[in-house]
Structures are given as structure tokens and as C-alpha cells.
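Q: sequence and predicted model, in that order:
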Protein chains: 2
Amino acid sequence: MFGVTILGNNSALPAYNRHPTAQVVTLSDHLFLIDCGEGTQMQMNLYKIKRSRINHIFISHLHGDHYFGLPGLITSYGLLGRNAELHLYAPAVLQDILNMQLNVSKTLLPYTLHFHALENKTSILVDEESFSVECFKVLHRIDCWGFVFREKKKPRKINIEAARKYHVPVEFFEELKMGKDFVRNDKTISNELLTTANKPAKSYAYAADTIYDESIANKVSNVNVLYHEATYLKDKLEKAKARFHSTSEQAAMLAKLAHVKKLLIGHFSSTYETLDEFLTEAKEIFPTTELALEGQTFMII
Amino acid sequence: MFGVTILGNNSALPAYNRHPTAQVVTLSDHLFLIDCGEGTQMQMNLYKIKRSRINHIFISHLHGDHYFGLPGLITSYGLLGRNAELHLYAPAVLQDILNMQLNVSKTLLPYTLHFHALENKTSILVDEESFSVECFKVLHRIDCWGFVFREKKKPRKINIEAARKYHVPVEFFEELKMGKDFVRNDKTISNELLTTANKPAKSYAYAADTIYDESIANKVSNVNVLYHEATYLKDKLEKAKARFHSTSEQAAMLAKLAHVKKLLIGHFSSTYETLDEFLTEAKEIFPTTELALEGQTFMII
């Protein structure tokens, strides 16, 4: 399974029972937490997230609505007797804040917390056999990063009957999966005769809090699902610019420019009681848009 | 009105829809927040607390379940355009933590936040005409303070008919209210003939997180309502001691020793799904005990 579950979809001020930003990505049996606004651990209880399976947490930036739930989650892990290592990817100074909080409470975590400071460039943060996670800079009032989760290209599937017919030895199967042609006695059997394509590798991008910035399109081009913030409706364009946020229309424009398959919008300003207009506005430009509603899981397909 | 509304009654780990510690005291048209665990601002929304009326916040100690909601509340006040001054009474190092968090997010609060570091002794924190708030040290794993809210002795009520009968001039009325006898031509008219007693001054004490410590009884003696933590049931006495917490039975013993009128118990460990036994255990020793249930307001009478 590859999907993302929304735990918080509101901007800074909690309102209308919407919560500050947090999302859980499920990928290859791993859970990844992106951002951790206040109350994230309670939202995890509510939506039955198996928090013990989270080994990697990514914090986009240090506005409180994206990390004020983190000290609570980290200490709760300690109280729950966690011993698995936890990897935290975040702006460097967060380490000082957390250390200060742990020190004043004389808290000794029973597990190892690895802090990885985000760098000012696109970098690979996690590199596993079947997927990777990378970060990229976005343009906000303070240093801010987006994240892309990418499945790696999957090996081709061997057509066993064809392989037998052309007498391909088992030792060559791994190379077949990689797409190589088979050569015997100077005769080439095309890989396409011997294998079929596997499911395509899929990808999810989280563009964090950002002003409308077309350079993001390159960083998230062709992803299956893009989460892009939509703090305001288009009639608040000037306010969005001034606050380094985006409108729903701009999120849709970026999705179109990046040729993504689906757009998820969130980070709604607490001035809006209902969200229908966000969807209407975005869909006019990018029809396959959905609202990132709390408690919902969106499959990356 | 003099009352306390419970926003969170659980110990460190949020569970069973119970939240970390926070209480709002209403006294003489003022609201006071005691402790501010994660999610307090959401609990304020849920229970319709008029947060703008809070001008004083008291933080007992720096375990996260007593203050991790504070950075969010403080920044939300900013987003809501607060301009009234806010007074924060807390362990000194909290100021460094908050400053760091405000600095990294480049947050400029539009209101003045007065930080008052708690001192290692009983001290008056707020001294108004009709009430005061004082702090006292309790015994926990880290520095920790309790708070007492006391109405001041109310002036006696003048019996107008009697005052006329004895020809007391209006200029002397303030002294009558203070309990002075009236003297005319060397003849003394007893104050009790001229006035009646007002409602007695009431008091509420919050004993924070503490090991069972009989010296607290002096600090909270005769209050109308005492909140005392009851993290565990009595069969976990050794665990309570080791963690510098109390059992429900111990909370009741302290209430009895201090001759308070009513006991409220809270800060329940998340190992307990139901709370009935806490009440049963305490009532055996101190019958006028109640569970500090979230969303409930207890009048100080």
C-alpha cells in the first residue's frame, strides 16, 4: 500500500474542529509522519494510527502549527517504552529546542532519536531498496522544505513460458528483470519477448507551506499525488502573497504545470467555516483535485 | 462567580479521550488558566471558554503534559490580534524556551507578554482588591508549584435602619464596613448592632503534581475546594512514590488533614480506562470528593 492519511488540514489557528498540519504516509509497510501540529498524538488515537510503526518524522518548517505536537509525541513514545530508533528530519535549530525541553523536564528517552538537519538544497533523506524520500526547498516566510516519496522503478516480471521457450537459464533471470535482452549464440532475444512491465513506480509530493512558485513544478513533476497548500481563496490573492501562502487556484495552477495526476489541497485558513469553494475554485483549473479532509486516506495511484 | 472548569484531567499520555492538565478558574469576572497541556486551545474551543478574557496563566512545572499547549496558545493569541497584556507565571527557564520558539518562527506578538519567574517560596503573585493568587512549592521530580486563589475578606454590610437609629454619619460607613465600632459622646455602639456579616471569602487550591507531602496541608488549610492529583490507585503506592506522584487515597488523606470542604481529584494515569475506583477509594477517607471530569465546572462554595 502507498497512501497518505490526513490528521490535520488547517492553518495556524485550530478552528471548526480542523487541526494544524500532520499527515501519515504509508509506504511499503513503513509509516512516515509529515509535520506534527499541536494535538497530532490525539489525532493518531482518533484515527487509529499505529504510531509505534513510525520510524521517520519530517518537519517542513518551524512555524508552530507544523511542530508544536512534536515534543508531546516524542515524550509519549518514551512513556510507551519505545526502543526502536526514531529518525527526525527537520530544520537544524529544532534540535536545540527539543534538547532544552527534554533537559528541563529531566526526560531521558529510552530510545535513540537521530536528528538530521535539513540542508538548503534538494537532498535524498531516506534511500531504501524499494523507495526513497527527498526534500526540496520551498519559498515561505522562514526556511521551509517539501518532501517527495518515490517508489523505485520496479523490476520487470518474467514470462516463464517465454523464458523456457527461448532456453533462458535461471541465472540470467535477475538481468531479465532489469530489462536486459538475452543473447545466445549471437542471437538476441528481446527483453520484451521475455518479460512484462511491472506496476509503474508511484510518487507523492508534499509541498509544505509556500507562496505560489513555479519552480516547484520541476521538483514535483509527474508525481501521482501532489499535496499543495491552499490557505486562501483567490479573492485573497494579495493576502496570500504577503503571507507567503497560496490560493486554491494557485495550487491548481501548480498541479497543472507539474503534470501531476491528482492534487490534494489543505492548510485552510481558519477564517473559512466551509471548504466547498476551495474545491470548486481548484477544479476549474485542475479537475482531479480533492480536499485533504481529516481522517481520510488517499491512495497514491 | 468563583469556579473552576476542567479542560484536561489526565497524566502525561493522552488516553481514553482524556487530555493533559489544564484548568480555568473564574473569579470576580477574571479568567485564569492553570497549566496548559497539549491541546488546551482545542479544549477551550470545545468547552466555549472565552480565551480572550484570560490575562493570567500559571504553569506549575515543566513536564510537557503541563505546558506543551502553551506555545500554541500564545501564538494563537497573536493570530487573533490580541492586544491586552498577558501575564505568565512559570518556572524561569520557560522564558528561554518560548523566546527560542518565537524567534525561530520570526513571530512578533502583537501584545505584551509579561513573564514572571516563580520563586522558590510561597509568594503572592496577584494581589487585587477583592482577591489574591499565591504560589507554594510542592515536592515533585522537578521544581513544581501549587497555586491558591483566595477571595479577600468581604466588607460587612451596613444595616441602614440601625445606622439611622444611632445617627451614624455617612462618612463613617466605610469604617463600619471594616468592622469598626461607632463612638459618639464617649458612647460606643458595637459594630454588630450596625452591620451584618457578608458572604465569607472563599478559596481554591491547586496542588499540582506532587508526592504525598503533609506539609502541603498547612498551605491549603481550610480552602473551600482543593484540587489534588491522584495519578494512581492505592495498590500502586510504591510506583506513586517512585514517580513523586500520589494515590487517590493519599489525596483524600491530605484533604482531611487540611480540613478543606471539598476535594477534586485528577491527573489520572492513562493505564486506567475508567475512573470509578478513584472516587470510591478517596470517598472512603474523604466523602466530599469529586472526580475532576473534563468539561465540568465546579463552583467554589
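A: Yes, it's here.

Q: residue contacts, whatever residue of the stretch 101-250 of chain A ends up closest to chain B?
A: Closest residue of the stretch 101-250 of chain A to chain B, Cβ to the nearest Cβ: A:Val104 (4.5 Å). Yep, even glycine has a C-beta here, placed from its N, CA and C like the rest. A:Val104 makes contacts with B:62, B:91, B:93-94, B:97, B:142, as judged by Cβ atoms under 8 Å, 6 or more residues apart in numbering or on different chains.

Q: buried only: go through the residues you listed for me.
A: Neighbour counting over these (16 or more other Cβ atoms under 10 Å in any protein chain shown) leaves B:62, B:91, B:94, B:97 as the buried ones.

Q: picking up where we left off before, of the contacts of A:Val104, which are in range of chain A?
A: Among the contacts of A:Val104, the residues that sit close to chain A (Cβ under 8 Å from any Cβ of the partner chain) are B:62, B:91, B:93-94, B:97, B:142.

Q: how many other residues sit next to the residue nearest to A:Asn10 when sequence neighbours are not counted?
A: When the adjacent residues along the chain are set aside, A:Asn10 lies closest to A:Arg18, with 3.6 Å between them (Cβ to Cβ, 6 or more residues apart in numbering or on different chains). Close neighbours of A:Arg18, defined as other Cβ atoms under 10 Å in any protein chain shown, add up to 20.

Q: what bridges to A:Arg18?
A: As for beta bridges, A:Arg18 partners with A:Ala15 under DSSP bridges.

Q: show me the domain layout of chain A.
A: Chain A breaks down into these domains under automatic domain parsing: A:2-154+A:199-299, A:157-196.

Q: any chance of those domains in TSV, with mean pLDDT too?
A: As requested, the domains of chain A are arranged in TSV below (pLDDT from 0 to 100):
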stretch	mean pLDDT
domain A:2-154+A:199-299	97
domain A:157-196	93
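
Q: so which of these is the most surrounded?
A: The highest mean neighbour count among these belongs to domain A:2-154+A:199-299 (a mean of 20), with neighbours defined as mean count of other Cβ atoms under 10 Å in any protein chain shown.

Q: for the residue nearest to A:Phe286 when sequence neighbours are not counted, what are its contacts?
A: Leaving out its chain neighbours, the residue that sits closest to A:Phe286 by Cβ to Cβ, 6+ apart is A:Ala252, at 3.8 Å. For A:Ala252, the residues meeting the contact criterion (Cβ under 8 Å, 6+ apart) are A:263, A:265, A:281-286, A:289.

Q: will you turn the residues you listed into JSON lines that also has secondary structure?
A: Formatted as JSON lines, the entries for the contacts of A:Ala252 read as follows, by DSSP: H, G, I helix; E, B strand; the rest coil:
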{"residue": "A:Leu263", "secondary structure": "strand"}
{"residue": "A:Ile265", "secondary structure": "strand"}
{"residue": "A:Glu281", "secondary structure": "helix"}
{"residue": "A:Ala282", "secondary structure": "helix"}
{"residue": "A:Lys283", "secondary structure": "helix"}
{"residue": "A:Glu284", "secondary structure": "helix"}
{"residue": "A:Ile285", "secondary structure": "helix"}
{"residue": "A:Phe286", "secondary structure": "coil"}
{"residue": "A:Thr289", "secondary structure": "strand"}
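
Q: just flag the most distant two among the contacts of A:Val104.
A: Comparing all pairs in the contacts of A:Val104 by Cβ to Cβ, the longest separation belongs to B:Ile97 and B:Ile142, at 13.8 Å.

Q: hmm, A:Ser130 is touching A:His30, no?
A: No - contact criterion Cβ atoms under 8 Å: A:Ser130 and A:His30 do not qualify, at 9.8 Å.

Q: what residues does chain A have near chain B?
A: Selection of chain A residues close to chain B by Cβ under 8 Å from any Cβ yields A:12-15, A:17, A:19-20, A:38-39, A:41-42, A:45, A:62-65, A:68-69, A:71-72, A:75-76, A:79-80, A:91, A:93-94, A:96-97, A:100-101, A:104-107, A:141-142.

Q: ranges for the strands of the stretch 201-301 of chain A?
A: A:203-206, A:225-229, A:262-266, A:289-291, A:297-299 (DSSP state E, counting those that start in this stretch).

Q: return the third one as CSV; C-alpha atoms alone will do.
A: Translated: strand A:262-266. Taking only C-alpha atoms (Å, rounded to 0.1, in the frame of the first residue of the first chain), the coordinates of strand A:262-266 have been written out as CSV:
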residue,chain,number,x,y,z
LYS,A,262,-4.0,14.2,-8.6
LEU,A,263,-4.0,17.3,-6.4
LEU,A,264,-4.7,17.3,-2.7
ILE,A,265,-5.3,20.8,-1.1
GLY,A,266,-5.1,21.7,2.6
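
Q: what strands flank that strand, and is each parallel or antiparallel?
A: For strand A:262-266, the pairing partners within the sheet under DSSP bridges are strand A:225-229 (parallel), strand A:289-291 (parallel).

Q: tell me which residues touch the residue nearest to A:Gly69 when sequence neighbours are not counted, please.
A: Spatial nearest neighbour of A:Gly69, excluding adjacent residues (Cβ to Cβ, 6+ apart): A:Thr40 at 3.7 Å. For A:Thr40, the set of contacting residues under the criterion of Cβ under 8 Å, 6+ apart consists of A:7-8, A:19, A:22, A:33, A:69-70, A:72-73.

Q: ok, now how distant is A:Thr40 from A:Glu214?
A: In this structure, A:Thr40 and A:Glu214 are separated by 31 Å, where distance is defined by Cβ to Cβ, to the nearest Å.

Q: thought A:Leu27 was touching A:Arg150?
A: No - taking contact to mean Cβ under 8 Å, the distance of 9.4 Å between A:Leu27 and A:Arg150 leaves them out of contact.
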